[in-house]
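**Q** Here you go, sequence then predicted model.
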Amino acid sequence: MARPGSRLPSLRVVLPRVAIACLALVLIGPASADAAPQQLIPGLTYERKLEFTTRGPVAVNVLTVPRPGGLWSVKPVLSNEAIPGTERLTAIEKRYSASATVAGVNGDLFGAGGAPSGILMRNGALDQPPIPGRSSIGLDTSGTLNVARVTMLATWQGTGPRRALTDLNGPATANGVSLFTPAYGAATPSSPGSVELTLATFPPATPNAEISGTVTAASANGGTQIPPTGAVLVARGTAATFMQKEAPVGQTVRLRLILKPAWSTMVSALGGGPLLVRNGKPIFRANEDFTPDQLLPRNARTAVGQLADGRLLLVAVDGAQPGYSVGVTNFELALEMVKLGAVTAAALDGGNSTTMAFEGNLLNQPSGPERPIGDALLVSYAGVYVPPALEPVLSPNGDGVSDRQHLSYKVVRQSNVTVNLLGPDGVARTTFTGPVAPGTYPFDWAGTKPDGTPELEGRWRWVVTATDDAGVASSGESDFTLNRTLGFGTGVTPDLTVPRTKARAVATFKLTRAATVTARIKTMSGVVLRTLPQVQAPPGDIQLSWDGRTDAGASVYSGRYVAEVTATNAVGPVTLGTTFGVHRLLTFSRPPKKQ
């Protein structure tokens, strides 16, 4: 049996081919603790950081977003397009993906019915009022992130004096009045004893301006249909008596929704808090209306911030998963935002709500099943989107793995597009120019010429430019390598039995040309157990042999493992992997002989 620290078994180049049966095949990508920043769209990147702390590991997911403007927007969106109810972030994004390419995080804290707890402003119109004791998060016309404590003073007026409007898209209090707009949903909630006035035509609920509508119908007790371009006033108690008297059918009703500070340049806002970063400095205690239980324990947490250059940060810290990510306290979240370069930042909802996704696919690892949320903060891109090539390395060598390339592009407006598939020589093999409707357009390619003969190996580029019906131009590109160097051999080996004294073949691969070959043994989750010495290998079959020991010399346990080979030459690197089984034998120590 090999001793710990003994020489590693070598990678053997075997000619002729070993005749063994077919292996189960999987394509294995490189594994690392931290993923390198990934460009999702030119300008939008995703990065996952794994930080090792004295409290345990912490996984930080970061979206870096261009400053809003042009083809880019950042805005809150409602679940189900209504204030009541909840919806998963991935489902919200899938609804929006027809009109934009989207990424985002969960939004505000929300109540049992799903209504966001704080301010909600969309396209300059208020959907919900702020909570004075918590931060409101706004984006103005210049794309600047603003975090402040905002209050609302609202009034309504018929034939009498101005009277208090106590809520917006929330149930009226015992003697209060609430305004329900189409943002709430199809109808007002049940409200026994209420008086309800329908305003068939009513402008968007713009703050800091007088808005008015004419009463077209009166009803009672809730369940009143909210006109798609109107609103409904709901009053209870003494307020209902005043409203019946001062706002009969046919009367014009005037409302004011006054914000302090005015926030007159804000186009979007959502609730959240507390404030995390001001002027580049972390805030230890913002003294906002949160309980210690919401701020002090380590948990999954979400935040939004802005860099000095105007780019935005959307951050989701995974938590409540010992061994993967323990999460952070609220102040630790503030320190993380400063570390990322934020000059302004605020928290959003956390815990089980913490989610981050791109085009309807989760990017972070929530602490349980994805939780439905009340609203979300979405990044939207309206230009042409070119997803990464499905196969980073196209290897059309007939082994059934990475033999075909899958490319596509997506436009969200009527557009004129030019599409080119460019070879390593810079010459287009496929070209299309013309108008296309909104949608996703796939293209599959076998890596061969029209007559079926092999195409050039090397770097290929899938390039798409588009000009939409508003005259706005955009472009996208996806690169990949065509490389036939490495393929699978044939055959199946029986399970490797351990402990053992000699290495034995666990997989075979085939080289079509000479290459530098590196082999690794991994767990099924991608952890590298053994790295074998590099060899310069000629064309032919490669047999990967292993003695069942890790780099530290320990014998592995029974289970499935991955044999992975990377071959590198002038064309570039290509990596393939296959699974195999290990069976660990039981060993018993013999008691010492009696003297």
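**A** Looks like it arrived, so ask away. Residues are numbered from 1 along each chain as shown.
**Q** ok, residue 257 - contacts?
**A** 126, 129, 152, 154, 165, 168, 205, 206, 207, 208, 211 (Cβ atoms under 8 Å, 6 or more residues apart in numbering). Any C-beta I mention is one placed from the backbone N, CA and C, and that applies to glycine too.
**Q** If any of the residues you listed are buried, put those into a ChimeraX selection.
**A** Only the buried entries of the contacts of residue 257 go into this ChimeraX selection, using 16 or more other Cβ atoms under 10 Å:
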select :126,129,152,154,165,168,205,207,211
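**Q** okay, the contacts of residue 257 in CSV with distance to residue 112 next?
**A** Formatted as CSV, these follow (distance: Cβ to Cβ, whole Å):
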residue, distance to residue 112
126, 23
129, 19
152, 23
154, 25
165, 24
168, 19
205, 24
206, 30
207, 27
208, 32
211, 31
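**Q** And the contacts of residue 257, which is closest to residue 300?
**A** Taking Cβ to Cβ as the measure, residue 300 sits nearest to residue 129 out of those, at 27.7 Å.
**Q** The closest one and residue 165 touch, don't they?
**A** No - counting by Cβ atoms under 8 Å, residue 129 sits too far from residue 165 to count as a contact (9.5 Å).
**Q** what touches both of these two?
**A** The contact lists of residue 129 and residue 165 share 154, 257, where a contact means Cβ under 8 Å, 6+ apart.
**Q** Can you flag which of the contacts of residue 257 belong to strands?
**A** Residues of the contacts of residue 257 located in strands (DSSP state E): 126, 152, 154, 168, 211.
**Q** With respect to residue 516, which of those residues is nearest?
**A** Distances from residue 516 to these, taken by Cβ to Cβ, are shortest for residue 126, at 63.3 Å.
**Q** With residue 357 as the reference, measure out to the closest one.
**A** Counting by Cβ to Cβ, to the nearest Å, the gap from residue 126 to residue 357 is 27 Å.
**Q** Please apply the same query to residue 485.
**A** Distance from residue 485 to residue 357, counting by Cβ to Cβ: 36 Å.
**Q** Also residue 533?
**A** Following Cβ to Cβ, the distance that separates residue 533 from residue 357 is 42 Å.
**Q** Show me which of these two is the more surrounded one.
**A** Neighbours per residue, other Cβ atoms under 10 Å: of residue 533 and residue 357, the larger number sits with residue 357, 26 against 12.
**Q** Now do the contacts for that one.
**A** By Cβ under 8 Å, 6+ apart, the contact list for residue 357 reads 89, 90, 93, 103, 104, 363.
**Q** residues in contact with the first one?
**A** Meaning residue 89. Applying Cβ under 8 Å, 6+ apart, we find residue 89 in contact with 104, 105, 106, 355, 356, 357, 362, 370, 373, 376.
**Q** again, but for residue 361
**A** Residue 361 neighbours (Cβ under 8 Å, 6+ apart): residue 90.
**Q** Could you check what's spatially nearest to residue 524, not counting adjacent residues?
**A** Using Cβ to Cβ, 6 or more residues apart in numbering and skipping the chain neighbours, the partner closest in space to residue 524 is residue 560 (5.6 Å).
**Q** How many neighbouring residues does the one you found have?
**A** Residues near residue 560, counting by other Cβ under 10 Å: 12.
**Q** Next, give phi and psi for it.
**A** phi -100, psi 140 (degrees, to the nearest 10).
**Q** could you say which helix or strand contains residue 567?
**A** Residue 567 belongs to strand 559-569 when assigned by DSSP states H and E.
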